[in-house]
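**Q** just need the structure, nothing else, for what follows:
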Amino acid sequence: MRSRFTAGWVALALIGSALVAGLILTRATERIDYIVYDHALSATDRDPPDDIVIVAIDNRSLEAIGRWPWPRSVHASLLSQLATMGPRSVGYDVLFIEPSPDDAMLADAVRRSRAILPLVIDVPGQNGAPYDIALPSGPLAEAAAGIAQVNLHFDSDRVVRQIYLEEGDGERAWLQLGAVMAGLRASGGAAADSKALRQEHPVLIAYGGATGHIPTVSFIDLLQGSVPPELIAGRHVLIGATADGLGDRYATPKSGATSQMSGVEIQAHLLDAILRGDAITPLSTVWTLGVALGALWIVLLGFLWLRPRASAALAFGVFIAIIALSFGLFRFAGIWLPPVSALAGLLFVMVAEAARERARLREMLVRERIAAAAVEGELQAGRTIQLGMLPPRAEIARIDPRIDVDALLEPAKSIGGDLYDVIRIDADRIAFLVGDVTGKGVPAALFMALSKALTKSVVLRGIASLAEAASILNEELMRDNSEAMNVTMLIGVMDLSSGEVILISAGHEDPLHIRADGTIAPHKLDGGPPFCITDFPYPAEVMKLSPGETLVLISDGVSEALNGADALFGHDRLLAALKGGTSATDIVEAVRDAVRTFEDGTDPTDDLTVMAVRYLA
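**A** Take a look at the predicted model:
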């Protein structure tokens with residue numbers, strides 16, 4: 001298959017790549033990726049762990065012991081009770097920052113139970129500091145089996161999905177409580193920026209279930225000795241608050257829309273995921289970008305080298321492969337590849353390429369129809385193509401309520417190259433044009449199609465002046481003019497808010513100005529030669545229509561129409577036909593009817609085109 005390396009393909013490749021990179025680097029699709037991730041996570045519920053138990057500071061415990069915070073002697077009593085029951089590890093998710101008279105008693109219980117205590121990292125810190133780190137009270141920190149951090153981080157939708165396993169300052173770092181209990185060790189080493197908060201090793205928490213998934217006993221039950229020792233022996237024990245009003249509760253992907261999960265239960269899910277080897281690592285931005293761009297360029301190269309059906313199948317296959325890769329890595333490798341940015345890029349290039357292919361096929365169809373008509377000696381197909389390039393009359397009539405506009409074109413048997421168009425530029429400006437390509441037959445029809453398309457393209461580029469636009473149009477038509485044709489054209493741009501009209505004439509018939517009182521006169525234009533003759537500075541000429549006034553544009557198929565005696569229709573008959581018209585449709589049809597009556601059955605020698613633009617307000 002021959003390569004289709006074109007400027008359009010290059011533009012598509014660059015825009016598609018920029019789109020994917022922008023979406024990933026700005027995290028524009030993050031919210032949608034969260035939805036996809038949450039659905040993937042919902043399919044991974046696990047059985048409750050049999051080696052983890054939560055000791056909950058719950059509502060019952062508050063009712064039995066009293067208002068929070070409790071004396072540290074209460075915590076010491078619980079830890080002393082735990083020490084006799086043989087837990088595998090103990091994580092105490094309660095902050096003991098300020099000194100207390102009971103610290104000696106609590107430190108002894110912490111030491112005997114080998115409990116791990118949390119520190120607090122406040123962001124921002126006090127007095128303008130970026131953060132503050134507060135360790136447990138001195139005796140407690142010395143007695144603890146380890147110090148851990150329990151910082152949780154919200155995603156942009158205020159849901160806790162991921163944490164940094166390791167956080168700290170420029171010299172020290174602490175692991176999450178669940179990670180320390182699982183036996184992980186901090187990486188150590190000083191940070192490059194000693195003043196910046198150190199946050200490393202992001203991990204998505206593989207929640208095993210909803211709130212209440214982790215086996216739980218009440219603090220008061222354990223304190224009073226009503227919990228069987230076998231529920232504690234050999235298990236990882238986390239103590240923390242679950243009671244209403246203590247504030248340590250968060251939304252998670254599995255806590256549901258109406259409930260939240262306590263911080264201690266989130267730590268238990270992290271511990272469970274690490275122990276099971278189910279922790280999920282988010283793919284780095286660099287790798288995510290690489291995968292997305294790689295998939296995109298596979299599809300783009302398919303567009304370049306494969307046939308349309310094969311390239312479409314390849315694009316669909318890559319689209320499905322990205323989805324499968326994302327879920328496969330999540331399920332079997334514990335890696336999360338956010339797929340939405342890659343899928344959005346693929347969808348964009350697939351839709352854009354489909355549009356390019358349809359445009360290419362339409363162009364091929366036009367050329368094939370014209371070629372078939374020429375080979376068979378039948379030019380009816382060319383006539384159909386010529387008319388098919390024109391905007392429907394009903395469509396241009398509805399372009400804006402501030403003007404009344406209509407146009408008609410009746411091609412001659414030996415297809416000429418007349419054309420017209422009405423184009424909305426912005427809310428207050430429209431462009432209108434009538435043109436006539438020299439020559440007849442298939443080449444004229446083709447050049448007419450090219451002229452109309454290029455004119456519309458140039459008008460819509462937002463070029464500052466109509467004169468400059470005309471020069472650009474002339475240059476582009478000359479470049480694409482392999483048949484050495486030329487085209488006369490009258491182009492106007494009307495400001496609908498004021499009635500001001502800017503006109504450019506390239507060798508075309510002058511328009512006729514019908515005033516509100518019914519008087520009619522040609523509006524003389526300096527103009528210039530037809531397009532494709534030479535490089536010429538076409539002047540922009542300004543006039544103004546008052547409400548109720550009309551501008552009439554014709555092709556030479558009107559003024560040079562012949563009857564059986566070879567007499568010309570001429571200027572006087574045209575003025576007579578224009579008198580009495582009350583609407584744009586009345587005017588264009590009156591001119592057409594007058595010409596056909598004058599011809600009296602003689603075959604037209606040229607296309608007939610009439611446009612009327614009536615300014616209303």
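
**Q** mean confidence for stretch 37-57?
**A** Averaged across stretch 37-57, the pLDDT comes to 90.

**Q** so how far is that stretch from its chain's centroid?
**A** Using C-alpha atoms, centre = their mean, to the nearest Å, the distance from the centre of stretch 37-57 to the centre of the chain it belongs to is 35 Å.

**Q** buried sites along that stretch?
**A** For stretch 37-57, the neighbour count (16 or more other C-beta atoms under 10 Å) marks 37-38, 40-41, 49, 52-57 as buried. Quick note: C-beta positions are derived from backbone N, CA and C, even for glycine.

**Q** now do stretch 100-118
**A** Taking 16+ other C-beta under 10 Å as the neighbour-count basis, stretch 100-118 is seen to contain the buried residues 100, 102-103, 105-111, 113-118.

**Q** now, the residues you listed that are in helices?
**A** Using DSSP state H to define helices, the subset of these located there is 103, 105-111, 113.

**Q** tell me which two in the buried residues of stretch 100-118 are the farthest apart.
**A** Using C-beta to C-beta, those reach their maximum pairwise distance at Ser100 and Arg114, which is 20.9 Å.

**Q** where in this structure is pLDDT low?
**A** Filtered on pLDDT under 70, the chain yields the residue ranges 1-4, 125, 127-128, 188-196, 247, 256-258, 371-388, 413-416, 441, 482-483.

**Q** what about the strands in the stretch 1-150 of the chain?
**A** Ranges of strands within the stretch 1-150 of the chain are 52-57, 89-93, 115-122, 132-134, 146-149, based on DSSP state E, counting those that start in this stretch.

**Q** list the contacts of the one helix or strand Arg596 maps to.
**A** Under DSSP states H and E, the secondary-structure element containing Arg596 is helix 584-599. Helix 584-599 is touched from outside by 397, 404-408, 410, 514, 550, 552, 554, 557-558, 561-563, 569, 573-574, 576-578, 580-581, 608, 610-614, with contacts defined as C-beta atoms under 8 Å, 6 or more residues apart in numbering.

**Q** check stretch 214-221 too.
**A** Contacts of stretch 214-221 with the rest of the structure, by C-beta under 8 Å, 6+ apart, involve 48-50, 52-58, 60-61, 64-65, 78, 208, 227, 231, 239, 242, 265, 268-269, 272.

**Q** mind doing that once more with 7 Å?
**A** The set of residues that contact stretch 214-221 without belonging to it, under C-beta atoms under 7 Å, 6 or more residues apart in numbering, is 48-49, 52-58, 60-61, 64-65, 78, 227, 231, 265, 268-269.

**Q** ok, stretch 24-41 next?
**A** Surrounding stretch 24-41, the residues in contact under the criterion C-beta under 7 Å, 6+ apart are 23, 155-157, 161, 207, 253-254, 285, 288-289, 292, 327, 330, 336, 338-341, 344.

**Q** could you do stretch 285-293 as well?
**A** For stretch 285-293, the external contacting residues (C-beta under 7 Å, 6+ apart) are 17, 20-21, 24, 337-338, 341-342, 345.

**Q** repeat the analysis, applying 10 Å as the threshold.
**A** 16-17, 20-21, 23-25, 27, 33, 282-284, 300, 322, 325-326, 329, 335-346 (C-beta atoms under 10 Å, 6 or more residues apart in numbering).

**Q** please list the members of these that lie in helices.
**A** Going by DSSP H, the helices hold 16-17, 20-21, 23-25, 33, 300, 322, 325-326, 340-346 from the contacts of stretch 285-293.

**Q** out of these, which end up buried?
**A** By neighbour count, with 16+ other C-beta under 10 Å, those hold 16-17, 20-21, 23-24, 33, 300, 322, 325-326, 340-346 as buried.

**Q** residues touching the residue nearest the centre of the chain, list them.
**A** Nearest to the centroid of the C-alpha atoms of the chain, with distances taken as C-alpha atoms, centre = their mean, sits Ala344, at 7.2 Å. Remark: with contacts taken as C-beta under 10 Å, 6+ apart, Ala344 is in contact with 16, 19-20, 23-24, 28-29, 32, 292.

**Q** rebuild the residues you listed as TSV, extending it with distance to Ala467.
**A** Putting the contacts of Ala344 into TSV (distance: C-beta to C-beta, whole Å) gives the following:
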residue	distance to Ala467
Gly16	37
Leu19	36
Val20	41
Leu23	41
Ile24	45
Ala28	42
Thr29	45
Ile32	48
Ala292	46
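
**Q** with that, I have no additional questions.
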